[in-house]
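*Asks:* the amino acid sequence is not available; the structure is as follows:
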């Protein structure tokens, strides 16, 4: 079990502690197997179950004394087992939320008592006892790297001593070793489903097999050859239009005793093809494998080689331009992403046209971080003051650097979730009027003092600058135009706390401007702000986190925060002494700022994964229990962004967050209600969560919120949550009690599409019940539903058709 926990289980590395088990499907599977083993242990192995551990397994429990019954002595909050060791010590002790267990028999009873909390208890136990075998049998049986000889030593001991305790130890070691192998095999099977081949791995395997090929009895193969000698720069030998489907190369394998085998190596695995000796592969969509069918019409040269000129023409005819083969295979993309983004060789022509397209004011140009390119692909935004007093922004993009960028575009597939990314919008400032405001000239005068170099004068100038209304665009652009923005960012890298604080207070205000946000990222401000998160000054950390929250609203900024370790530091801001009535206001403010930044960063799927790995989920769950709206909004906002990921939905369920989300649906704050409803909307894809929403009485507040038809954002979230909850029949019966169907029918007209999609979706689920079909007819819902068949929105049409089909099952509705 120790080996499986050390090598197969997925641990976080949050804070200065030892880390916790991530809430992932793999870990849940491992925990369930361990629970089953421990639960059945006393029945299957009664003699071994009575063995007393060398040291007790000790952890912080979620159980209370009321859950224990027969076989236990209960004294208020303390519990002791009636079963005792030979010295009269209880084998189970519960005292002040600390649980100590000293035998498998008590462990089995405990898990049966825990019922639905057994998963949390097993997790807490294993987190507190990373190598439980040491506690059970002693340090000599601990998990070690390399060859483990503990079983051999124990076997020798049994042969020499042959006493009952040693025999029991031997049996327990073997049982635990068997469990270890079972856990490792299970995790290997699950991990292998996610592992994908790459060109380097295939090449290494082929090179290894070639060493054992040739003539003679000591070889395993007669020959092993690629069908193509030409290798693209990404290591693939398959034609580019097959690379987009994940294919890497094709092999001809000649065994000594059978006909040649023709093999396709792809990112999904290695497949045996039909017979041929050719280069053109026809993809069989029905089975997901490839079949060789005919020879390509390509140059026939000795040894299948081409001259340099023909080689170049062959490459360019496939790719459109040189060096673009990088767009395939090396990126860690799933097959659906390949198929969605690049389905067919004609996409190379489209890509070639796009990359060479002349720039215009309406083009959308994705950026790539300068640190990955080695040099910036764009001349920084500059301003030029004209004689007339006008200020104009000029952006010059070097077209020559666009070649070979497709790989970076693919690298960011999945970086953003549902939002429209700011990076996809052009950041141009339109010319203002020729008359500049007094604030503009006032900030320009202060600029020379900010740049003066004297710390005292700089602090005074910063304070004076904050007296201006920095929410005005004129003030924001004045700071940028006068060169103050660069100085403000440089001040962050000093050791003067006052200068850093003043600079961050101004940057926090002006970073509401989209142009300023991009300029801060271009000037390296994010990297410095991430470093400030390590500062011992709490106020400084809060300001840095709030500014990161403002800046990280576009893809490149979020990526920068992640790459410089910002996610882990932001998660650490959520850590506090306690979440309860006595926690300090400063802890709350620090956590609020950290949550705001995580909220902005969580719009990236890679950042969602980073938050989970940094141990953010349990901390978000703890803060969700607090009653302060100002921190609940960013906490729930982060959760509803992350709830699109299955691993987060699993964590939201197991951490008991649904109860708090339901509770906050009754809040007086509409923004908090919106985020809670949106989180339930995304989570209710899972049946267990739909049942939990009903169990915690969340269906009624959702029905009540339908009356607030003025707030369209809230209405869209609430109707979405009702739609997904209505997938379960038990929930539909509850909605009948609350007259929800009647209210939904009133929302079929004069609503935006995002609301209509959810309303129709909910009615489509509800009308599967005969009584509800009649209700929709009596409330006059048939006509508006049929009218929506003329809509053009695909998602809306899908739901309308389902609703019409459901209603049509009732003859009177026809």
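*Replies:* Thanks, I have it. Just so you know, these numbers come straight off a predicted model, no measurement behind them.
*Asks:* strands of the stretch 451-600 of the chain, start to end?
*Replies:* Secondary structure of the stretch 451-600 of the chain (DSSP state E, counting those that start in this stretch): no strands present.
*Asks:* so residue 437 is in contact with residue 474, correct?
*Replies:* Yes: taking contacts as Cβ atoms under 8 Å, residue 437 lies within contact range of residue 474: 4.5 Å. (Glycine included, C-beta is placed from N, CA and C.)
*Asks:* ranges for the strands of the chain?
*Replies:* Using DSSP state E, the strands of the chain run over residues 52-60, 72-75, 78-81, 92-95, 98-103, 223-226, 247-254, 261-266, 269-272, 280-283, 290-294, 378-385, 391-397.
*Asks:* note down every partner strand of the third one and its orientation.
*Replies:* Based on DSSP bridges, the strands next to strand 78-81 in the sheet, each with its direction, are strand 72-75 (antiparallel), strand 92-95 (antiparallel).
*Asks:* need those strands in JSON lines with mean neighbour count, can you?
*Replies:* Compiled in JSON lines, the strands paired with strand 78-81 are given as follows (neighbours: other Cβ atoms under 10 Å):
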{"stretch": "strand 72-75", "mean neighbour count": "13"}
{"stretch": "strand 92-95", "mean neighbour count": "20"}
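*Asks:* for residue 550, find the nearest of these.
*Replies:* Proximity to residue 550 (Cβ to Cβ) singles out strand 92-95 among the strands paired with strand 78-81, at 47.6 Å.
*Asks:* mind checking how far the closest one is from the chain centre?
*Replies:* 38 Å (Cα atoms, centre = their mean, to the nearest Å).
*Asks:* report the mean confidence score over it.
*Replies:* Across strand 92-95, the average pLDDT comes to 90.
*Asks:* point out where the stretch 551-700 of the chain drops to low pLDDT.
*Replies:* 576-584 (pLDDT under 70).
*Asks:* also the chain?
*Replies:* 1-19, 143-162, 191-195, 274-436, 453, 576-584, 813-814.
*Asks:* can you list the buried residues in the longest helix anywhere in the chain?
*Replies:* Ranked by residue count under DSSP state H, the longest helix found in the chain is helix 164-192. The neighbour-count check on helix 164-192 (16 or more other Cβ atoms under 10 Å) flags 167-170, 172-173, 175-177, 179-180, 182-184, 186-187 as buried.
*Asks:* got the angle for it vs strand 52-60?
*Replies:* 40 degrees (axes from the mean of the first three to the mean of the last three Cα atoms, to 10 degrees).
*Asks:* can you spell out which helices and strands pack onto helix 164-192?
*Replies:* helix 2-7, helix 25-44, helix 46-49, helix 132-137, helix 150-160 (3 or more Cβ pairs under 8 Å, 6 or more residues apart in numbering; DSSP states H and E).
*Asks:* what does the shortest one contact?
*Replies:* For helix 46-49, contacts defined as Cβ atoms under 8 Å, 6 or more residues apart in numbering pick out 41, 42, 103, 104, 105, 108, 168, 171, 172, 175.
*Asks:* if you set the cut-off to 6 Å instead, what comes out?
*Replies:* The contact list for helix 46-49, computed with Cβ atoms under 6 Å, 6 or more residues apart in numbering, reads 41, 42, 104, 105, 168, 171, 172.
*Asks:* sort out which residues of it are buried, please.
*Replies:* For helix 46-49, burial by neighbour count (16+ other Cβ under 10 Å) applies to 48, 49.
*Asks:* now that helix, how far from the chain's geometric center?
*Replies:* Relative to the chain's own centre, helix 46-49 is displaced by 43 Å; criterion: Cα atoms, centre = their mean.
*Asks:* buried residues, stretch 467-474. List them.
*Replies:* 468, 470, 474.
*Asks:* contact partners for the first one?
*Replies:* To tie it back to what came earlier, the one meant is residue 468. Residues in contact with residue 468, defined by Cβ under 6 Å, 6+ apart, are 439, 475.
*Asks:* backbone torsions only: list them for it.
*Replies:* Here is the backbone geometry of residue 468 (degrees, to the nearest 10): phi -80, psi 160.
*Asks:* and residue 528, how many neighbours?
*Replies:* Residues contacting residue 528 under the criterion other Cβ atoms under 10 Å number 19.
*Asks:* check contacts around the nearest residue to it once chain neighbours are set aside.
*Replies:* Leaving aside its sequence neighbours, residue 528 sits nearest to residue 492 (Cβ to Cβ, 6 or more residues apart in numbering; 4.5 Å). Contact analysis of residue 492 by Cβ under 6 Å, 6+ apart lists 500, 503, 528.
*Asks:* again, only using 7 Å
*Replies:* When contacts are counted by Cβ atoms under 7 Å, 6 or more residues apart in numbering, residue 492 touches 500, 503, 504, 525, 528, 529, 532.
*Asks:* surely the third one is in contact with residue 547?
*Replies:* Yes: Residue 504 is within contact range of residue 547, at 5.8 Å (criterion: Cβ atoms under 7 Å).
*Asks:* so can I have TSV of the contacts of helix 46-49 showing distance to residue 661?
*Replies:* Shown next, in TSV, are the contacts of helix 46-49 (distance: Cβ to Cβ, whole Å):
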residue	distance to residue 661
41	37
42	38
104	38
105	39
168	48
171	47
172	43
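*Asks:* nearest to residue 464, of the residues you listed?
*Replies:* residue 104 (71.5 Å).
*Asks:* so how far is residue 34 from that closest one?
*Replies:* Distance of residue 104 to residue 34, computed by Cβ to Cβ, to the nearest Å: 12 Å.
*Asks:* burial count for residue 790?
*Replies:* Neighbours of residue 790 under the rule other Cβ under 10 Å: 8.
*Asks:* same thing with residue 482?
*Replies:* Neighbour count of residue 482, defined by other Cβ under 10 Å: 21.
*Asks:* ok, the closest residue to it other than its chain neighbours to residue 480 distance?
*Replies:* In this structure, residue 482 finds its nearest non-sequential neighbour in residue 447, 4.1 Å apart by Cβ to Cβ, 6+ apart. The spacing between residue 447 and residue 480, counted by Cβ to Cβ, is 11 Å.
*Asks:* next: residue 70.
*Replies:* 74 Å.
*Asks:* more neighbours: those two, which one.
*Replies:* Taking other Cβ under 10 Å, residue 70 and residue 480 do not tie; residue 480 has more neighbours (22 against 6).
*Asks:* okay, now residue 446: neighbour count?
*Replies:* Other residues near residue 446 come to 21 when the count uses other Cβ under 10 Å.
*Asks:* that one contacts residue 460, correct?
*Replies:* No: if you go by Cβ under 7 Å, residue 446 and residue 460 don't touch, sitting 9.4 Å apart.
*Asks:* what residues are up against residue 781?
*Replies:* For residue 781, the contact set (Cβ under 7 Å, 6+ apart) comprises 745, 748.
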